[in-house]
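**Q** sequence first, predicted model second:
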Amino acid sequence: MTEPYTANEMMTVAAARALRNDDVCFVGIGLPSAACNLARLTHAPGITLIYESGTIATRPNVLPLSIGDGELCETALTTVSVPEMFRYWLQGGRITVGFLSAAQIDRFANLNTTVIGPCDHPKTRLPGGGGAPEIATACGKIFIVMSQSRRSFVERLDFITSLSHGEGSDHRRRLGVTTKGPTRLVTDLAIFEPDPESREMTVTSLHPGVTHPAVRDATGWPVRFASGVTETAPPTADELAVLRELHRRTATAHGKAA
Amino acid sequence: MAQVLPLGEAIAATVRDGDTVAMEGFTHLIPFAAGHEVIRQGRRGLTLVRMTPDLIYDQLIGMGCADRLVFSWGGNPGVGSLHRLRDAVENGWPRPLAIEEHSHAAMACAYEAGAAGLPFAVLRGYRGAQLPAVNPNIRSITCPFTGEVLAAVPAIRADVAIIHAQKADAEGNVLIEGIVGVQKEAVLGAKRSVVTVEEVVESFGPLSPNAVILPRWVITALAIVPGGAHPSYAHGYYKRDNAFYQAWDAIARDRDSFTAWMQANVLSSGPEAFRQHAEKAA
């Protein structure tokens, strides 16, 4: 008998499981940060977490609200300047996996965090790329975690902030980018992996209780399912306990009621 | 040579209408007190440069100080939008704001190029991304040795760099600790610089020989403003006020509540109001 859990918890747990103990991971704020620290506190205690504020091998006790909370620096092995972080560590090819999220994603996992609507007269001005355009191309591979809906999983991006598999197939390589790009996309409904030929993100695992139509309804393109879709293992009692305790500590530290 | 001045005089002596101003501090050590002083002095037509505009530029933009913004990530970290930035871009309130948008990697390299006295920065960046199509300041250059095509962006050389740091010594040298961001590069790349500090000490005492120190002769003006980075933080002094960052979302969402907050907490106030944030932590 499994303990009840939310779709958001399933997503974070499934994203955390993708990380390995020997990964050097460039961490985005929000969902990626929760997943990366859950991995560190469960099956991957030796993982090296790096935030773009310059903190290397950080072990925060609570999740940072910003990319540069003091907690990250105080618990890091070392802290370098921001130019050094982007030049030596990211561009220098020292990162095995970058963990990203976005406002919009397309079938080839290209990401938009810049604008909704036309660029010169946006309907919604989003924060922008930050570190993502170079994280997306410089890290050995990319994991993406984001909640799924037709608003966020779109047929066509309003803006390509960060390249993933481009127009599919070998487009990424034709642009001179030799890293793998997104090898895994974890949502609150399913896990997607790129098709070996077309590089289109394809459902390879459904979270417990999620149906094919539920995924179709939440995807803005005709979503494809791999042959032999598996079921994601539900969160274990330990994963849930560690994640909930992490969120509780975080809420207390940031001055909000848990 | 660093001159210790009251904050009002330091800003009046260095920041002019139409200047390009870089107030840096990557989440940490953001010079809020100095930014408020720029607002109080009514500066107009500024080009504001900052990787993460944060609340400080939301405030300057909402008060009509800026014509142009050069940035790479314009959100309220972990909370959501910067509503005053969005209102200026989407609706031109209180005045239109031109934007020049980059990635973090490009801006970090551009600051470094500015400090190095180079005209531009080179990076393996923007590959497959759309920003180069909308920002004419993102161009490319071919490596003369390998033929690789790389991205190029202009160096950042501000008229004035403004930063906050932990402490100055009796001679006016400045020590920065913790997340050091791009502050050293911003100051070394700028024509003039203002540094606000938590405190002045007789001597820094024993430090790592590799500590980040700005010698007094690269600083134009120094001002002592305890708590001057609030609601961001000063490592070793006080923590980031994450609750205020969350509260800002509601304050800034509405033009009237924003204007009322700025009137009460900036226009009718002064740098001494920041002291309470330093004392609360002590």
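**A** Ah, there it is.
**Q** and B:Glu9, which of the three is it?
**A** With DSSP: H, G, I helix; E, B strand; the rest coil as the basis, B:Glu9 sits in helix.
**Q** that one: how many residues sit nearby?
**A** 14 (other C-beta atoms under 10 Å in any protein chain shown). Where you see a C-beta, it was placed from the backbone N, CA and C, and this is true even at glycine.
**Q** so what's the predicted local confidence for it?
**A** Confidence at B:Glu9, expressed as pLDDT, is 98.
**Q** report the mean per-residue pLDDT for the helix or strand containing B:Val187.
**A** Assessed by DSSP states H and E, B:Val187 sits inside helix B:183-189. Average pLDDT, helix B:183-189: 98.
**Q** run the chain-centre distance for it.
**A** With C-alpha atoms, centre = their mean, to the nearest Å as the basis, helix B:183-189 stands 11 Å off its chain's centre.
**Q** by contact count, what packs against it?
**A** helix B:104-115, strand B:160-169, strand B:212-214 (3 or more C-beta pairs under 8 Å, 6 or more residues apart in numbering or on different chains; DSSP states H and E).
**Q** what's in contact with the shortest one?
**A** Spelled out, that is strand B:212-214. With contact meaning C-beta atoms under 8 Å, 6 or more residues apart in numbering or on different chains, strand B:212-214 is reached by A:81, B:165, B:173-177, B:180, B:184, B:187, B:195, B:204, B:207.
**Q** could you redo the last one with a cut-off of 7 Å?
**A** B:173-176, B:180, B:184, B:187, B:195 (C-beta atoms under 7 Å, 6 or more residues apart in numbering or on different chains).
**Q** list the pairing partners of that strand within its sheet, with orientation.
**A** The strands beside strand B:212-214 in its sheet (DSSP bridges) come out as strand B:174-176 (antiparallel).
**Q** mean confidence for the strand it pairs with?
**A** 98.
**Q** residue 172: how many residues sit nearby?
**A** Picked chain A for this. A:Arg172: 25 neighbours (other C-beta under 10 Å).
**Q** oops, chain B please
**A** Residues lying near B:Gly172 (other C-beta under 10 Å) number 20.
**Q** same check, this time on B:Leu188
**A** With other C-beta under 10 Å as criterion, B:Leu188 counts 18.
**Q** verify the stated contact: it with B:Ala115.
**A** Yes: between B:Leu188 and B:Ala115 there is a contact at 3.7 Å, judged by C-beta atoms under 7 Å.
**Q** check which helices and strands the longest helix along chain A is in contact with.
**A** Longest helix in chain A by number of residues (criterion: DSSP state H): helix A:237-253. Applying 3 or more C-beta pairs under 7 Å, 6 or more residues apart in numbering or on different chains; DSSP states H and E, one finds that helix A:237-253 makes contact with helix A:7-17, helix A:31-41.
**Q** ok, the following helix or strand past the helix holding B:Val187 near chain A or not?
**A** Using DSSP H and E, the next helix or strand after helix B:183-189 towards the C-terminus is strand B:192-201. No: Strand B:192-201 stays out of contact with chain A when judged by C-beta under 7 Å from any C-beta of the partner chain, the minimum separation being 14.2 Å.
**Q** quick one: contacts of strand B:192-201?
**A** B:7, B:10-11, B:14, B:31, B:33-34, B:159-170, B:174, B:187, B:214, B:218-226, B:228, B:234, B:237, B:278.
**Q** quickly list what the residue nearest the centre of chain B is bridged to.
**A** Centroid check for chain B by C-alpha atoms, centre = their mean gives B:Met23 as the closest residue, at 2.1 Å. Judged by DSSP bridges, the bridge partners of B:Met23 are B:Ile162.
**Q** what about it, distance to chain A?
**A** Distance of B:Met23 to chain A, computed by C-beta to the nearest C-beta, to the nearest Å: 15 Å.
**Q** what's the answer for B:Gly228, then?
**A** 16 Å.
**Q** just checking, that residue touches B:Ala33?
**A** Yes: judged on C-beta under 7 Å, B:Gly228 makes contact with B:Ala33 at a distance of 3.5 Å.
**Q** shared neighbours, those two?
**A** B:196, B:271, B:274.
**Q** just the buried positions in stretch B:138-155, please.
**A** Neighbour counts over stretch B:138-155 (16 or more other C-beta atoms under 10 Å in any protein chain shown) mark B:138, B:150-155 as buried.
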